[in-house]
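A.B. asks: predicted structure and sequence below. I'll ask about it afterward.
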Amino acid sequence: MANKNSSVKGRTRSTGIAYWIMVLPGYIWLFMFSIVPMVGIVMAFQDYNPSKGWFGSKWVGMKWFEYLLVIPDAKRALVNTLIIAVSKVVLNIVIPLVFALLLNEVKNMKFKKAVQTIVYLPHFISWVILANIITNMLGANGILNLIMKTVGHEPVLLMTMPQYFRQLLIGTDVWKEFGYNAVIYLAALTGISPNLYEAAAIDGASKWQSVWHITIPGLIPTIVLLTTLAMGNVLNAGFDQVFNMYNQLVMSTGDILDTYVYRVGITNMQFSLATAAGLFKSVVSFVLVVTSYVLANKFADYNIF
Amino acid sequence: MNMIESNSLGTKIFKIFNYCLLAFLAFSCFYPLWYTFCVSLSDKLAAEGGLVTFYPIRPNVNTYKLIMGDAAFWNSFRISVMRVIFGTVWSMLAMIMMAYPLSKTNREWKPRGILMWILVFCMLFNGGTIPWFITVRNYGLIDTMAALIFAGSVPVFNVLLLMNFFRNLPSDLEEAAAIDGAGPWRILWQIIVPCSKPIIATVILFVSVGYWNEYFQGLVLMNKESNYPLQTYIRQISVAIPVGVTLTAEQYQQLAQNSNKALEAAKVFISMIPMLVIYPFLQKYFVTGITIGAVKE
């Protein structure tokens, strides 16, 4: 009896060791490229000098954050970020919902499948490629200006017009992602029992009434979930898109926090100032994401972990 | 009677409108790729003059012939392919081995609690671009293939996808194997992995597309252009207005006109081909992949 017990114990221990060996490569990877950079946050409170490193540079307290409050470029970047990101958050919930509802009305399965297959495509293409294509299509010699010329309009250089640049960013982002974002709604739609629609039809409900009283209520949990989770994105205007689409002429409306950090840090090598700006974004996003997860857990019973 | 008729007329109008709108949306997602393909096959002058609409003008394959001899392009292409292969193999191994012990309950394996906490924290918070850049530079990884593979750190979300799937596998299988004397390694590779093919396929596709599409690390971690992966190379040849230089709208137009549009389009198109080839598989799996994320135990 005692013998058996000790062998079970020995076995649990060797299993425990095996588990540690299994997770080790992944956690070393995580440590080296996620956790060590977090130590670098100290740069935001230092006058960082590359030759002295993170532990030898002079501490300056909140100096860089105070700077950020008065630099017009930083303020402009924050405002642009908020406008672009909030618009994207809202439209990336609403447009895919409308699309899913419209697609749900299609009874021709071949057509439905074909549309679905094609609209997911842009999600998997990188912003480098799409920005290149969009720039060409909207440029001086692109399809847009060919149409303009045909209707007798002056050439329009959309990519250089600050007054339209944010709309352009928001529109192209929604275009790229609406198919992909609709997947989760379409999955939820298949979960609504067809019996409900049959019963409604027997009771003489119109198409509109059954959408309004059956489909929409059936999607409410999904909508609530996506809305809460999207809260974490209000400072996330989409670096890859803006970085590949913006230029000097649209800086006033197109420059966002992430591109600002890139220019200050990587291009101008003002490491400390850029770290401070980046840290501001990281901290605010973290607080928002955690809040949204807590809310999602509470109200939508969502738990990814 | 009247009611039903007017109702069905309304329904008909709606149906026509709906089909047209959806067809248009699908068209809008496909047309930019088709447009690029047409430009790449068009005559140089027609491409630069912006005359291409729905079909190539004076079609020829000159651009593709030119690219055949373009060493820099194929060098970047090769780097991207190597990166996808090595990166995907490495991350799949690391992630599967992470996900399995983490799929246990906190009672079955005590350290799980704290390890999970660390993992999720790293997903939700990061040190920002600059500390990350300085870290990678201090490791001496600038201009190395290792940077292109490792610098992105663990794709935590994919680990969570794998973990959730492993967690939902019937525990009887594992228990039976354990009674037969199989240790954790055998259980992982001979029971868990073969039973998890759909999610592993999904994650392989996510990870490899991620590596293929990544350009930023190539841009900041590679000093030599000969080390650029393909996406970074494409970014550099695109009509990128150097930020920091002030150009007028006319100069911008001039810059756009000077580039060889057909050639650029051909390069862009070739860089999309691997994506388009795996797209049918991707399509089949990723729907399961994202919906699985919301599945609970």
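C.D. replies: All right, it came through fine. Nothing here was measured: the structure is a model prediction, and the numbers come from that model.
A.B. asks: how is chain B carved up into domains?
C.D. replies: Following automatic domain parsing, one gets these domains for chain B: B:2-49, B:70-293.
A.B. asks: where does the chain dip in pLDDT?
C.D. replies: Since no chain was named, I'll use chain A. A:1-10, A:300, A:302-305 (pLDDT under 70).
A.B. asks: the intended chain is chain B.
C.D. replies: Within chain B, the stretches with pLDDT under 70 are B:1-7, B:239-259, B:288-297.
A.B. asks: can you redo the domains of chain B as CSV, where the extra columns are distance to A:Ala199 and mean neighbour count?
C.D. replies: Just so you know, the C-beta spots here come from the backbone N, C-alpha and C atoms, and that holds for glycine as well. Shown next, in CSV, are the domains of chain B (distance: least, Cβ to Cβ, whole Å; neighbours: other Cβ atoms under 10 Å in any protein chain shown):
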stretch, distance to A:Ala199, mean neighbour count
domain B:2-49, 19, 16
domain B:70-293, 27, 18
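A.B. asks: which residue ranges of the stretch 201-305 of chain A form helices?
C.D. replies: A:207-210, A:216-230, A:239-245, A:251-254, A:257-262, A:271-299 (DSSP state H, counting those that start in this stretch).
A.B. asks: of all the ones you listed, which one is nearest chain B?
C.D. replies: Nearest of the helices of the stretch 201-305 of chain A to chain B, taken as Cβ to the nearest Cβ: helix A:271-299 at 2.9 Å.
A.B. asks: so the closest one, near chain B or not?
C.D. replies: Yes - counting by Cβ under 8 Å from any Cβ of the partner chain, chain B has neighbours in helix A:271-299: A:271, A:274-275, A:278-279, A:281-282, A:286, A:289-290.
A.B. asks: weed out the non-buried ones from the residues you listed.
C.D. replies: Buried members of the residues of helix A:271-299 next to chain B, scored by 16 or more other Cβ atoms under 10 Å in any protein chain shown, are A:271, A:274-275, A:278-279, A:281-282, A:289.
A.B. asks: contacting residues around the nearest residue to A:Leu144 once chain neighbours are set aside?
C.D. replies: Nearest in space to A:Leu144, with sequence neighbours left out and distances taken as Cβ to Cβ, 6 or more residues apart in numbering or on different chains, is A:Leu138 at 4.9 Å. Applying Cβ atoms under 8 Å, 6 or more residues apart in numbering or on different chains to A:Leu138 gives the contacts A:144, A:157-159, A:168.
A.B. asks: how far away from the center of its chain is stretch B:97-104?
C.D. replies: 25 Å (Cα atoms, centre = their mean, to the nearest Å).
A.B. asks: correction: the previous question concerned stretch A:155-164.
C.D. replies: That offset, for stretch A:155-164, works out to 25 Å (Cα atoms, centre = their mean).
A.B. asks: start and end of it, how far apart?
C.D. replies: With Cα to Cα, to the nearest Å as the measure, stretch A:155-164 spans 15 Å from end to end.
A.B. asks: what's in contact with that stretch?
C.D. replies: Stretch A:155-164 is contacted by residues A:134-135, A:138-140, A:144-145, A:148-149, A:165, A:168, A:245, A:247, A:249-254, B:249, B:252-253 when judged by Cβ under 8 Å, 6+ apart.
A.B. asks: do stretch B:263-281 as well
C.D. replies: For stretch B:263-281, contacts defined as Cβ under 8 Å, 6+ apart pick out A:121, A:124-125, A:129, A:132-133, A:136, B:33, B:36-37, B:39-40, B:44, B:47, B:63-64, B:66-67, B:73, B:77, B:201, B:205, B:208-209, B:212-213, B:230-231, B:234, B:237-238.
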